[in-house]
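Novice: any chance you could fold what I've pasted below:
(2 chains)
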Amino acid sequence: MTMINNLPPGLILILGAFLVPLLSGKAKNWYVIALPLLTFWHISQLDMAASLVLNLADFQLETLRVDKWSKAFGYIFTLSGFAAFLYGYYEKRSTQFVSALLYIGSSLMVVFAKDIITLYIFWELMAISSVYLILGSKTQKSYQASFRYVMVHIFGGLVLLAGIILTIHQTGSISFEAFDPDMATLGTWLILIGFLVNAAALPFSSWLPDAYPEATVMGGVILSAYTSKTAVYVLIRGFAGWDILILLGCAMSLYGIVYALLENDMRRILAFSIINQVGFMVCAVGIGTPLALNGAMAHAFCCIIYIGLLWMSAGAVLYRTGKSKCTDLGGLYNTMPWTLVFGCVGAMAISAVPLTSGFTSKTIIIAEAANSHMFWAWLALEIASAGVFLHAGIKFPYFVFFAKDKGLRPPEAPKSMLAGMAFLSFFCIYLGMFPERLYNILPDAELVKQAMPYTFYDIYVHHFAHVVTQIQLLAFSALVFFLFLPMLKRTNTIALDFDWFYRKGFGVIHLMIDTGFNGLNKWTNRTIALGLTAKLSAYFKDGPARLCMIALKPVWELSGAKIDGPDGMETRFLKKFRTAYFSVGSTAIFTLVLFLVFCFFFY
Amino acid sequence: MSETDIKLGYFDQPKTKKMLWRLLWAVCILSLLLEFFVHRKNHFDMENFFGFYGVLGFIACSVSILVAKAMGLFLKKEEDYYDDDK
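Specialist: This next block holds a predicted model:
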């Protein structure tokens, strides 16, 4: 019983993954739908004092730290997993489920890890296991994108590992606690960079919009939730109050907007909106006050729900039409009305439209930026709030479901997909109207409820002024979208991003290395392998024969034998030497001559 | 003419489009008018201007679009830009 009480929740999913291949048919689907629910229940039952210590070499790995932070992330990670598997009821491939379960399980292990070595091990396992969600598309593009995805995460993982080793060496402790910005060492900075790679912070952002849109339909939904939110979690734990994160967060939220506006692929638009939303959270972590951190947590919770919902809606369109580009889509409202409705709920939630979850979570972060008198951060976040409505709130539904009717008439999404979307839609609206349930699971629930309105009456009647300003912001953003619509016509293009440096920039380096080292290689080949070696070889092969020929040539000339040509004496002689094929007679004569020469010199 | 009208979906009909445009303008104007009836606590002086959030939304979005458009001149490439890599 104690074993079960102290079982890290992630292990349920990781161990559970190994049973998936043994199941067949729909039993497999029901099994994976049930696993996250079981894990959710287990997390709710976990005692705050629970711990599981494993010995690894000299280190004691504390794999379980239960507190309100880890529990809150545990809840949303398992809920989102449940919704994704419900949505993925159509999926038959075991590899997809095993990969997804290992990925979600590892992210839970990271969340509940108390020491940094356990954290690192599962951090890497997350990257490795999730690759199959991208590879599952079985396209050339997904194959190449997953290769780059792994490379970027190996880079991030190595930086993190270097930081961890330096930090353990300096402090002698493997416990993962908050780092003090005033005592920052190289090791701490490297750990921060390692975390930021997974958070898709600038300039390590481009792996996300590069890889996620190539994933399978269910894979995209799952990927959208975990890697970046796990990074937000470890940033909250380790780097609260680091000023640089404010700047990075604002930059991410603005970068996401501009790139999403340039983008043509619907799932890539949503990938940029992940970066935009994670920017809000990173900024909140940088502000670092308890309210800001709780705001980051609340926003991560809601963000996982509505981003997942948006990816589900886009995934359903991809599943039914096989198309992902805005230039190929349009007019789908005719036959996929439910997908449209659920997609719009997600779009409204991400835009923080009143009555949706974005409105009750993002507001905490923006209000705290204003409370802390950080004018520029506040302004950047307000601008980003307007911009997110522009690209994720309107652009995505408009170009996919409305715009120019392309004559596509696919059937409505399968029922299981609609069920998954309905489940998340419910939370988007419920948490927007009654956020108290969410605020209650936050680590500093009382603090949040003192600072923020939390009942329906308080939010929408008593604080109606805020509702009005939010509607103003959004209505005029929408106005801009439709006024500028001719400028927003989609083109069949991609936009260059930071990944240019490793996709094309590495090409240049590759070219330099290619001409440099291969040139050296060719030169060496020419002069040594083909030149010197060949000469040495010829010397050792024919040397003795040619020495003998010096003595033999006059004899041949005197005897009048034919010397040159393919059947001449010279060629025949060389051949004889190479094959070491001598008649007994000639060998005897040669030995006798050698014996005489020997006697002549020594006696 | 009547034949194409039947084919057009509800949201593609000119009548619906006109109605939606009017609705959008109405929401914009209404949100401005409502500001007369509410009182809010502001953190920054800028917020005291009438219709500040509307103006902010309008400017922020138009500038984002223009910036994106300008960046597009340099950054937009054909779909197969990276395809000759491998």
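Novice: distance of the residue nearest to residue A:576 when sequence neighbours are not counted from chain B?
Specialist: Closest residue to residue A:576 apart from its sequence neighbours, by Cβ to Cβ, 6 or more residues apart in numbering or on different chains: residue A:582 at 6.4 Å. Bear in mind the C-beta positions are built from the backbone N, C-alpha and C, glycine included. As judged by Cβ to the nearest Cβ, to the nearest Å, residue A:582 and chain B stand 57 Å apart.
Novice: tell me how many other residues crowd residue A:582.
Specialist: For residue A:582, the neighbour count with other Cβ atoms under 10 Å in any protein chain shown is 13.
Novice: just confirm it is within a helix.
Specialist: No. Applying DSSP: H, G, I helix; E, B strand; the rest coil, one finds residue A:582 to be coil, outside a helix.
Novice: what's the closest non-adjacent residue to the residue positioned nearest the centre of chain B?
Specialist: The structure's chain B has its C-alpha centroid closest to residue B:61; by Cα atoms, centre = their mean the separation is 7.0 Å. Spatially, and ignoring its direct neighbours in sequence, residue B:61 is nearest to residue A:480 (3.8 Å; Cβ to Cβ, 6+ apart).
Novice: tally up the residues packed near that neighbour, please.
Specialist: Quick note: residue A:480 (other Cβ under 10 Å) scores 23 neighbours.
Novice: mind checking pLDDT for it?
Specialist: Looking at residue A:480, its pLDDT reads 90.
Novice: which residues sit in contact with it?
Specialist: A:390, B:57, B:58, B:61, B:62, B:65 (Cβ atoms under 8 Å, 6 or more residues apart in numbering or on different chains).
Novice: could you rerun that using 6 Å?
Specialist: B:58, B:61, B:62 (Cβ atoms under 6 Å, 6 or more residues apart in numbering or on different chains).
Novice: now, those that are in helices?
Specialist: Of the contacts of residue A:480, the ones assigned to helices by DSSP state H are B:58, B:61, B:62.
Novice: the first one touches residue A:478, doesn't it?
Specialist: No. Counting by Cβ atoms under 6 Å, residue A:478 is not a contact partner of residue B:58; they are 10.2 Å apart.
Novice: for the strand or helix carrying residue A:70, C-alpha coordinates in CSV please.
Specialist: Assigned by DSSP states H and E, residue A:70 belongs to helix A:68-87. Taking C-alpha atoms only, helix A:68-87 is exported to CSV below (Å, rounded to 0.1, in the frame of the first residue of the first chain):
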residue,chain,number,x,y,z
LYS,A,68,0.3,22.4,-4.9
TRP,A,69,2.4,23.4,-7.9
SER,A,70,3.1,19.8,-9.0
LYS,A,71,-0.4,18.7,-8.2
ALA,A,72,-2.0,21.5,-10.3
PHE,A,73,0.2,20.7,-13.3
GLY,A,74,-0.5,17.0,-12.7
TYR,A,75,-4.2,17.6,-12.9
ILE,A,76,-4.1,19.5,-16.2
PHE,A,77,-1.6,17.2,-17.8
THR,A,78,-3.8,14.2,-17.1
LEU,A,79,-7.0,15.9,-18.1
SER,A,80,-5.5,17.0,-21.3
GLY,A,81,-4.2,13.5,-22.0
PHE,A,82,-7.7,12.1,-21.4
ALA,A,83,-9.2,14.6,-23.9
ALA,A,84,-6.5,13.9,-26.5
PHE,A,85,-7.0,10.1,-26.3
LEU,A,86,-10.8,10.5,-26.4
TYR,A,87,-10.3,12.6,-29.5
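Novice: against residue A:559, how distant is residue A:553?
Specialist: 11 Å (Cβ to Cβ, to the nearest Å).
Novice: those two: who's more crowded?
Specialist: The neighbour comparison of residue A:553 against residue A:559 (other Cβ under 10 Å) goes to residue A:553, with 15 against 8.
Novice: phi, psi of residue A:53?
Specialist: phi -110, psi 130 (degrees, to the nearest 10).
Novice: would you confirm that it contacts residue A:62?
Specialist: Yes. Under the criterion of Cβ under 6 Å, residue A:53 makes contact with residue A:62 at 5.5 Å.
Novice: the more surrounded of these two?
Specialist: residue A:62 (19 against 12).
Novice: wait, the more buried one touches residue A:113, no?
Specialist: No. Using Cβ under 6 Å, residue A:62 makes no contact with residue A:113, being 7.7 Å away.
Novice: the domain parsing of the chain - what is it?
Specialist: In the absence of a named chain, chain A is used. A:2-498, A:503-602 (automatic domain parsing).
Novice: should've been chain B
Specialist: B:1-39, B:40-77.
Novice: least reliable of the ones you listed by average pLDDT, please.
Specialist: domain B:1-39 (a mean of 79).
Novice: now check that domain, is it near chain A?
Specialist: Yes. Remark: domain B:1-39 sits within contact range of chain A at B:9, B:11, B:12, B:27, B:28, B:31, B:34, B:38, by Cβ under 6 Å from any Cβ of the partner chain.
Novice: mind giving me the ChimeraX select for those, buried ones only?
Specialist: Applying 16 or more other Cβ atoms under 10 Å in any protein chain shown to the residues of domain B:1-39 next to chain A, the buried members can be selected in ChimeraX as follows:
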select /B:12,27,28,31,34
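Novice: dump the residues of domain B:1-39 next to chain A into CSV; add secondary structure as well.
Specialist: Shown next, in CSV, are these (three-state DSSP):
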residue, secondary structure
B:9, coil
B:11, helix
B:12, helix
B:27, helix
B:28, helix
B:31, helix
B:34, helix
B:38, coil
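Novice: tell me the one among the residues of domain B:1-39 next to chain A nearest to residue A:291.
Specialist: residue B:38 (24.0 Å; Cβ to Cβ).
Novice: with adjacent residues omitted, what lies nearest to the closest one?
Specialist: Counting by Cβ to Cβ, 6+ apart, the residue nearest residue B:38 is residue A:465, at 3.9 Å.
Novice: the one you found is in contact with residue B:40, isn't it?
Specialist: Yes. Judged on Cβ under 6 Å, residue A:465 makes contact with residue B:40 at a distance of 3.6 Å.
Novice: comparing the two, which residue is more hemmed in?
Specialist: Taking other Cβ under 10 Å, residue A:465 and residue B:40 do not tie; residue A:465 has more neighbours (16 against 13).
Novice: what strand or helix carries the more buried one?
Specialist: Per DSSP H and E: helix A:464-483 holds residue A:465.
Novice: what of residue A:316?
Specialist: Applying DSSP H and E, one finds residue A:316 within helix A:290-321.
Novice: helices or strands up against that helix?
Specialist: Here helix A:290-321 touches helix A:68-87, helix A:217-239, helix A:266-287, helix A:337-350, helix A:357-371, helix A:415-433, helix A:445-451, going by 3 or more Cβ pairs under 6 Å, 6 or more residues apart in numbering or on different chains; DSSP states H and E.
Novice: CSV please, covering the ones you listed and showing mean pLDDT.
Specialist: Output for the helices and strands packed on helix A:290-321, formatted as CSV (pLDDT from 0 to 100):
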stretch, mean pLDDT
helix A:68-87, 94
helix A:217-239, 93
helix A:266-287, 93
helix A:337-350, 93
helix A:357-371, 92
helix A:415-433, 93
helix A:445-451, 89
